[in-house]
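Undergrad: 3D, please:
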Amino acid sequence: MTENSDWRASLEPRIADEIGHIVDQWRDKRGTDITVIPAANGGIDHMYSEGEILVREEHLPRVLQVLGQPGREDLERDQPGRVRRVIAGYVLLTLAEPYETVAAALDLIDQQLGRHIATPNHLLTVAPGQNGSCPATEPEQVYAGIEPFPSVSPDGGRGVLVYLADTGLLRDAGQHYWLAGVRVGDEAEDLDPKTPMAGSPPVIPPYAGHGTFVAGVLRSVAPDTDIIVTNAFAVAGSELESDLVARLETALGLGVDIFHLTIACASRHDLPLLAFGEWLRRLRESKGTICVAAAGNSSSRRPSWPAAFGDVIAVGALGSDWRGRASFTNFGPWVDVYAPGRDLVNAFATGEYKCYVRPYAGTEREFYGMAKWSGTSFATPIVSGLIAVRMSRTGENAREAAAALLAEARSQAIPGTGPVLLPSRGD
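TA: So this is what the prediction gives:
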């Protein structure tokens with residue numbers, strides 16, 4: 001597997017459209033070059049920020065030596081900013097001559113020091129994929145005034161706090177009664193999009209409304225749950241591992257019960273995300289707190305991170321009949337449970353949306369505050385909602401409630417699919 005400067009030609013057209021948009025947005029909004037490593041099957045193997053690597057801090061002196069760089073003390077004195085703390089025990093190193101590219105640096109480090117001492121600064125996104133993307137579809141039109149599907153439960157989830165890392169919360173989300181009281185972490189940073197949509201009708205940019213839709217599904221299952229929605233994936237629905245981990249570390253002090261992540265990526269050599277693994281170790285110190293993550297929509301057995309970590313609850317998607325896996329969902333022994341994820345209906349933006357992914361590229365769709373959407377991103381809040389409902393009903397903490405529900409899911413597993421949880425089974 002090698003870097004391909006003409007990576008678009010190596011991808012399936014639909015994936016090329018999606019990834020091209022992400023790469024262009026990162027260059028335009030952050031000035032960051034994202035390197036795309038194509039897979040042999042016309043999809044994406046992994047993506048990362050070019051020119052920087054994550055390093056285990058204990059090995060940093062040897063890494064600098066291997067790369068022909070000054071020692072850490074000299075580097076921090078003479079070239080401040082090239083070494084940046086991400087989380088305890090892990091730093092981000094900006095590369096320089098003679099090994100300026102991630103591929104060249106990591107190949108050398110792997111050869112001389114071994115794998116997983118340093119890794120790329122992977123790009124996680126709500127649109128990853130080998131053969132598909134997440135969301136599995138672009139948002140689809142529905143009739144004005146349509147009710148959510150699954151429908152809103154009468155109660156459940158009181159006293160439970162969910163931290164939802166996503167694309168933020170739409171400014172008019174409160175017009176939907178089941179989203180009343182859902183809040184953002186930071187009024188200046190976490191509204192979606194950051195600047196109000198312009199035009200008549202307003203133009204809805206790609207990924208806008210994703211976080212609101214996810215929060216709406218969770219609130220439909222557990223309407224009394226307290227939810228903090230953050231705009232963690234503000235650039236084309238994506239974020240770098242280093243920045244996401246720093247954000248999540250700060251959130252550890254909020255007293256969260258459930259960390260809910262609707263983002264994923266494949267990694268170099270399928271190795272676990274380096275800095276994220278340390279954040280999970282710290283999460284274990286928060287008694288009873290759990291992390292729930294979307295399995296991703298690559299139609300693949302290949303592990304997708306962070307869902308593939310052993311102590312993260314990985315959620316795959318059922319198809320529209322709720323009896324088999326959705327065609328887009330990831331699967332395999334690392335996926336813990338499947339929930340409905342095809343053709344869900346919930347809160348969305350109001351305005352005009354222009355599709356940018358084939359075969360519908362250029363098609364205009366009109367939305368009136370609701371949409372139909374598919375993806376493991378939307379199966380995941382069903383599971384988080386069910387955990388919240390059980391917590392409020394039994395008094396169990398999130399870890400205990402999740403363990404009980406996963407046992408129930410295994411007891412009602414569908415042959416050929418796996419463990420299953422349905423919103424109608426909440427209590």
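Undergrad: partners of Leu191 in the sheet?
TA: Beta-bridge partners of Leu191, counted by DSSP bridges, are Leu169.
Undergrad: check contacts around the residue positioned nearest the centre of the chain.
TA: For the chain, the residue nearest the mean C-alpha position is Ile263 (0.8 Å; CA atoms, centre = their mean). Listed by CB atoms under 8 Å, 6 or more residues apart in numbering, the contact partners of Ile263 are Leu124, Thr125, Val126, Ala165, Asp166, Ala232, Phe233, Ser238, Glu239, Leu244, Ala293, Ala294. Bear in mind the C-beta positions are built from the backbone N, C-alpha and C, glycine included.
Undergrad: apply 6 Å and report the result again.
TA: For Ile263, the contact set (CB atoms under 6 Å, 6 or more residues apart in numbering) comprises Leu124, Val126.
Undergrad: state the distance from it to Thr380.
TA: According to CB to CB, to the nearest Å, Ile263 and Thr380 sit 10 Å apart.
Undergrad: go on, Ser220?
TA: Applying CB to CB, the value for Ser220 to Thr380 is 13 Å.
Undergrad: who has more neighbours out of these two?
TA: Between Ser220 and Thr380, counting by other CB atoms under 10 Å, Thr380 is the more crowded of the two (30 against 26).
Undergrad: care to break this structure down by domain?
TA: With domains defined by automatic domain parsing, the chain comprises 7-125, 161-425.
Undergrad: where does this protein have low pLDDT?
TA: 1-5, 127-136, 424-427 (pLDDT under 70).
Undergrad: who's in contact with Gly168?
TA: Counted by CB under 6 Å, 6+ apart, Gly168 has contacts Asp190, Leu191, Asp192, Gly211, Asn231.
Undergrad: reformat these as a markdown table; add neighbour count.
TA: Below are those laid out as a markdown table (neighbours: other CB atoms under 10 Å):
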| residue | neighbour count |
| --- | --- |
| Asp190 | 21 |
| Leu191 | 18 |
| Asp192 | 25 |
| Gly211 | 31 |
| Asn231 | 24 |
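Undergrad: out of these, which comes closest to Leu422?
TA: Checking these against Leu422 by CB to CB gives Gly211 as the nearest, at 23.7 Å.
Undergrad: beta partners for Tyr353?
TA: Arg365.
Undergrad: mind checking how far it is from Arg365?
TA: Applying CB to CB, the value for Tyr353 to Arg365 is 5 Å.
Undergrad: next SSE after whichever strand in the chain runs longest?
TA: In the chain, taking DSSP state E as the definition, the longest strand is strand 44-56. Moving toward the C-terminus from strand 44-56, the next helix or strand (DSSP states H and E) is helix 60-66.
Undergrad: mind listing what's buried in the helix or strand following that next one?
TA: Remark: after helix 60-66, the chain's next helix or strand is helix 72-78, criterion DSSP H and E. For helix 72-78, the neighbour count (16 or more other CB atoms under 10 Å) marks Arg72, Leu75 as buried.
Undergrad: do the same with stretch 164-178
TA: Under the neighbour-count criterion of 16+ other CB under 10 Å, stretch 164-178 has Leu164, Ala165, Asp166, Thr167, Gly168, Leu169, Leu170, Ala173, His176, Trp178 buried.
Undergrad: quick one: secondary structure of Met405?
TA: Heads up, residue 405 is Leu, not Met. Here Leu405 is helix, with the state taken from DSSP: H, G, I helix; E, B strand; the rest coil.
Undergrad: do the same with Gly174
TA: Classification of Gly174 using three-state DSSP returns helix.
Undergrad: just the strands in the stretch 51-200 of the chain please.
TA: Using DSSP state E, counting those that start in this stretch, the strands of the stretch 51-200 of the chain run over 83-87, 90-94, 118-125, 161-166, 169-170, 183-184, 191-192.
Undergrad: what does the stretch 301-427 of the chain give?
TA: 313-318, 337-340, 344-354, 364-373.
Undergrad: tell me which of these lies nearest to Pro415.
TA: Across the strands of the stretch 301-427 of the chain, Pro415 has its closest neighbour in strand 337-340 (12.5 Å, CB to CB).
Undergrad: check the offset of the closest one from the chain's centre.
TA: 17 Å (CA atoms, centre = their mean, to the nearest Å).
Undergrad: ok, residues contacting that strand?
TA: Val315, Gly316, Leu318, Trp322, Ala379, Ile382, Val383, Ala409, Gly418, Pro419, Val420, Leu421.
Undergrad: mind listing the helices for the stretch 301-427 of the chain?
TA: Using DSSP state H, counting those that start in this stretch, the helices of the stretch 301-427 of the chain run over 376-394, 398-411.
Undergrad: need those helices in JSON lines (columns: distance to Glu138).
TA: Shown next, in JSON lines, are those (distance: least, CB to CB, whole Å):
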{"stretch": "helix 376-394", "distance to Glu138": "13"}
{"stretch": "helix 398-411", "distance to Glu138": "30"}
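Undergrad: which one of those helices is the most hemmed in?
TA: helix 376-394 (a mean of 28; mean count of other CB atoms under 10 Å).
Undergrad: between helix 398-411 and it, find me the angle.
TA: In terms of direction (axes from the mean of the first three to the mean of the last three CA atoms, to 10 degrees), helix 376-394 departs from helix 398-411 by 110 degrees.
Undergrad: tell me the secondary structure for the residue nearest to Asp155 when sequence neighbours are not counted?
TA: Among residues not flanking Asp155 along the chain, Asp224 sits closest, at 5.8 Å (CB to CB, 6 or more residues apart in numbering). Following three-state DSSP, the label given to Asp224 is coil.
Undergrad: for Asp224, give its distance to Arg390.
TA: 13 Å.
Undergrad: what do you get for Tyr353?
TA: Separation of Tyr353 from Arg390 (CB to CB): 36 Å.
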